[in-house]
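>>> Need a 3D model of the sequence below.
(2 chains)
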Amino acid sequence: MHSIAQSNPALANVVQLDMTRHRNLDKGNASPGALGTDFARLGIMIWPALGRVSARAGTWNKHLEALNVARNAVAHSDNGGFLRLQNLGYQSINLGVVRKWRRSLDSLATAMDDVVGDYLVLLLGGPRPW
Amino acid sequence: MDMLKVGERVRIPWGVDVLDGVIVEIQTGPTGGRAVVQVNLPGALEEDGEPATVTLPVTALQPADWWPDATGRTGGWATSASYERHISEALERILRNHRNANAHYAKPGRDLGYDILVDAPEGQVAVTAKYFARQRVGTGRIWQLIKTAQKVAETLERANLILLITNIDVSRALTQEQISSATELDVPIRVVTWRSQSDDTSLANAIEPWLRDDGEEVPIGVE
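The predicted structure follows:
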């Protein structure tokens, strides 16, 4: 974007608008599929890439999915959602479960930072973006 | 690609990855042919229940047998990129003790034969990081890397050392003496195994003698 903006700011605006329009994260929860779709716009298959760098990526994916189901079940008082949680292996949502999800999300966020940074260096070159 | 047909399987370069796709429509026009391709985006949602499609020039498509080991390899770049990042971080830790040495990173798309060039007052150290998915690699593969390193040595005027860093123990296949006697270069080629931060000391031992500036005290070890 930076290199386009220098030579053609109008084109940069068009590209930026299209890259940020209708993002799943703007209209719904950060589910694993929503993350996968939004990052695919940038050319990153985020879940396969995370799976390459950590054996825990599958667990992070499952915990994120379960957290989203739990969030919707609680927010909308949705018994179907609670039933789905049971099918995912959660008989109840207690402090221990929530803390486990939080630890997973912390690790996931750190790994995503690393993978996306690696990707940008590989694609664009230059120093690490963060 | 010649003679594209609807239903044909193709591969599409996507970022630094390659995606599998199937042609669902071919459009012809005065500016050249374009194809509508249904692509599989692993880990992504289907928009409104529909698989994703992209429209792109037929010249951007690759045959299904292009990069034959690509199937199931989506995201494979992340492993080697992650390894190179860890090597960069290890070098940064070591170079903190050598304020006169600077690391320069090779830009993608420019095959210079090395990943990082450490510039020191007394010369340069060209560093290549190579991650192997398997713990045992044939001798031929290692010789290929050594030959590439030799070419690097010939192109750099100030090179003092060519450093090849891998996650495998190369000494199982080749000893340092075998490498030195076979290459017979003025610029030595050293191979170092680095798997984690605990290997920083062996990496520092390999590179530090070449970073020494007059009057600079070389640290004994690296934390």
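
>>> which residues of chain B score low on pLDDT?
Low-confidence segments of chain B, defined by pLDDT under 70, span residues B:1-2, B:47-48, B:66-72, B:108-110, B:182-185, B:213-223.

>>> measure the residue of it found nearest chain A to residue B:60 for me?
Distance from chain A to each residue of chain B (CB to the nearest CB) is smallest for residue B:15, at 2.2 Å. The C-beta positions use only the backbone N, C-alpha and C, and glycine is treated the same way. For residue B:15, the distance to residue B:60 equals 13 Å [CB to CB, to the nearest Å].

>>> Equivalent analysis for residue B:138, please.
Relative to residue B:60, residue B:138 is positioned 35 Å away (criterion: CB to CB).

>>> Quick check: mean pLDDT of the strand or helix carrying residue A:116?
For residue A:116, the element it lies in under DSSP states H and E is helix A:95-124. Computed over helix A:95-124, the mean pLDDT rounds to 95.

>>> Of all the residues in it, which ones are buried?
By neighbour count, with 16 or more other CB atoms under 10 Å in any protein chain shown as the criterion, the buried positions of helix A:95-124 are A:97, A:101, A:104, A:107-108, A:111-112, A:114-122.

>>> If we only consider these, which is nearest to chain B?
Distances from chain B to the buried residues of helix A:95-124, taken as CB to the nearest CB, are shortest for residue A:118 (3.7 Å).

>>> got the buried residues for the lengthiest helix in chain B?
Secondary structure of chain B read by DSSP state H shows that its longest helix is helix B:77-95. Burial within helix B:77-95, assessed by neighbour count using 16+ other CB under 10 Å, is assigned to B:77-88, B:90-91, B:94-95.

>>> which of those come close to chain A?
By CB under 8 Å from any CB of the partner chain, the members of the buried residues of helix B:77-95 lying near chain A are B:77-79, B:81-82, B:84-85, B:88.

>>> that older thread, which helices and strands does the longest helix of chain B pack with?
Counting contacts by 3 or more CB pairs under 8 Å, 6 or more residues apart in numbering or on different chains; DSSP states H and E, helix B:77-95 is packed against helix A:46-53, helix A:95-124, strand B:102-105, strand B:116-120, strand B:123-130, helix B:200-207.

>>> Make JSON lines from these and add distance to residue B:159 to it.
Compiled in JSON lines, the helices and strands packed on helix B:77-95 are given as follows (distance: least, CB to CB, whole Å):
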{"stretch": "helix A:46-53", "distance to residue B:159": "32"}
{"stretch": "helix A:95-124", "distance to residue B:159": "24"}
{"stretch": "strand B:102-105", "distance to residue B:159": "13"}
{"stretch": "strand B:116-120", "distance to residue B:159": "9"}
{"stretch": "strand B:123-130", "distance to residue B:159": "5"}
{"stretch": "helix B:200-207", "distance to residue B:159": "13"}
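
>>> for these, which one sits closest to residue B:11?
helix A:46-53 (15.3 Å; CB to CB).

>>> is chain B contacted by that closest one?
Yes: under the criterion of CB under 8 Å from any CB, chain B is reached by helix A:46-53 at A:46-53.

>>> Apart from its neighbours in sequence, what residue is nearest the closest residue to chain B within chain A?
Of chain A, the residue with the smallest distance to chain B, taken as CB to the nearest CB, is residue A:43 at 2.2 Å. Here the nearest residue to residue A:43 in space, its sequence neighbours aside, is residue B:15; by CB to CB, 6 or more residues apart in numbering or on different chains that works out to 2.2 Å.
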